[in-house]
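1. here's my sequence, what's the structure:
(one chain, ligands or ions: 1)
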Amino acid sequence: MTAAAIIRQRTGPAPFDCAMVLGSGLGILAEAVEDPTVIAYAELPGFPVAGVSGHAGRLVIGRLEGRRVALMQGRAHVYEQGDARVMKPAIDCLAELGAKALLLTNAAGSLKAEMAPGAVMAISDHIALFGPNPLIGTPGDGRFVPMNEAYDPGLRSALVRGADKRGIPLHHGVYAWVTGPSFETPAEIRMLQRLGADAVGMSTVPEVILARHAGLSVVALSMITNYGAGMVPQAPSHGETKAVATEGAGAVEAVIRGFLAEMPA
Ligand code: HPA
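-> Residues are numbered from 1 along each chain as shown. Got it, this is the predicted structure:
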């Protein structure tokens with residue numbers, strides 16, 4: 001049986017209003033889902049077996065703010081095995097299940113002095129020049145996916161209205177994807193700032209490209225957990241990323257709830 005067939009068998013045939021991928025330290029949102037059905041990735045063919053601390057590996061399906069949602073609690077990163085396509089089966093499955101929107105979340109470093117740790121940023125665009133494209137090896141002309149408006153303007157307005165109504169200040173900016181897993185050097189951070197990036201992180205962008213290929217509309221949020229290397233005396237660390245993301249998860253949850261309430265039916 002395919003992953004989509006297993007999910008339909010367990011939770012019924014209705015399409016999802018919104019599918020989500022929860023990043024480092026943000027998995028707590030899955031606890032808020034009403035009437036949850038929880039399926040371990042290990043039961044879903046093609047889903048990644050996540051290996052990073054701060055990431056569970058389970059799909060939680062249920063209702064949030066009156067919407068039917070599917071939350072991926074935990075993702076696989078390109079840095080784990082060097083496989084840019086690691087999230088393709090899961091993203092294709094969410095598209096096959098008829099998700100109207102895909103909301104991606106991550107923890108990211110800030111490249112702007114005025115965007116401090118604890119801030120929530122809506123991704124307006126990205127820079128993905130430093131890692132392999134996840135569509136390499138995908139056959140067919142569909143792989144030549146345009147990336148204009150990769151972050152859906154209509155969904156982004158719902159995010160802005162949702163954040164506003166919940167009283168959470170929302171930043172907007174360009175996310176630069178790096179493969180990691182080592183953090184950047186101060187020189188790399190200065191380069192990314194000059195290239196026009198506002199935040200830097202090791203996830204999300206491959207998923208955005210795969211989602212656009214699969215025909216999903218995308219919206220994405222970064223939880224800013226630290227300043228980029230060299231911007232402050234203290235070096236970034238995975239421990240700090242997890243701790244600050246966990247502290248800020250309430251703000252991200254509020255923005256996501258606001259978004260779900262505002263998203264077009
Ligand atoms: N760099 C890359 N990825 C990150 C960072 C960072 O500073 N913070 C959280 N994820």
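2. now find how far off-centre whatever helix or strand Val252 lives in is within its chain.
-> Remark: Val252 resides in helix 238-262, with elements defined by DSSP states H and E. Distance of helix 238-262 from the chain centroid (C-alpha atoms, centre = their mean, to the nearest Å) equals 12 Å.
3. before we move on, what about stretch 28-43?
-> Chain-centre distance of stretch 28-43: 17 Å, with C-alpha atoms, centre = their mean.
4. just the endpoints, please. Distance across that stretch?
-> Counting by C-alpha to C-alpha, to the nearest Å, the length from the leading to the trailing residue of stretch 28-43 is 21 Å.
5. what's in contact with it?
-> 6-7, 10-11, 20, 22, 47-50, 56-64, 69, 71, 73-74, 90, 246, 249, 252-253, 256 (C-beta atoms under 8 Å, 6 or more residues apart in numbering). Every residue, glycine included, has its C-beta placed from N, CA and C.
6. mind doing that once more with 6 Å?
-> With C-beta atoms under 6 Å, 6 or more residues apart in numbering as the contact definition, stretch 28-43 has outside contacts at 10-11, 22, 47, 57-64, 71, 73, 249, 253.
7. ok and the residue in the stretch 1-150 of the chain nearest the ligand?
-> Nearest residue of the stretch 1-150 of the chain to the ligand: Gly109, at 2.3 Å (C-beta to the nearest ligand atom).
8. do the helix holding Val252 and the ligand meet at all?
-> Yes - counting by C-beta under 6 Å from any ligand atom, contacts between helix 238-262 and the ligand involve Thr241.
9. inside helices: which ones of the contacts of stretch 28-43?
-> Secondary structure assignment (DSSP state H) places 10-11, 249, 253 from the contacts of stretch 28-43 within helices.
10. can I get those in CSV with pLDDT and neighbour count?
-> Supplementary listing: the ones in helices among the contacts of stretch 28-43 in CSV, determined by pLDDT from 0 to 100; neighbours: other C-beta atoms under 10 Å:
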residue, pLDDT, neighbour count
Arg10, 95, 13
Thr11, 94, 19
Ala249, 88, 19
Glu253, 93, 19
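11. hmm, which two among the residues you listed are most spread apart?
-> Using C-beta to C-beta, the ones in helices among the contacts of stretch 28-43 span at most 26.6 Å, a distance reached by Arg10 and Ala249.
12. if we can go back for a sec, only whichever of the contacts of stretch 28-43 are buried, select them in ChimeraX.
-> Of the contacts of stretch 28-43, the buried ones go into a single ChimeraX selection, burial set by 16 or more other C-beta atoms under 10 Å:
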select :11,22,47,57,58,59,60,61,62,64,71,73,249,253
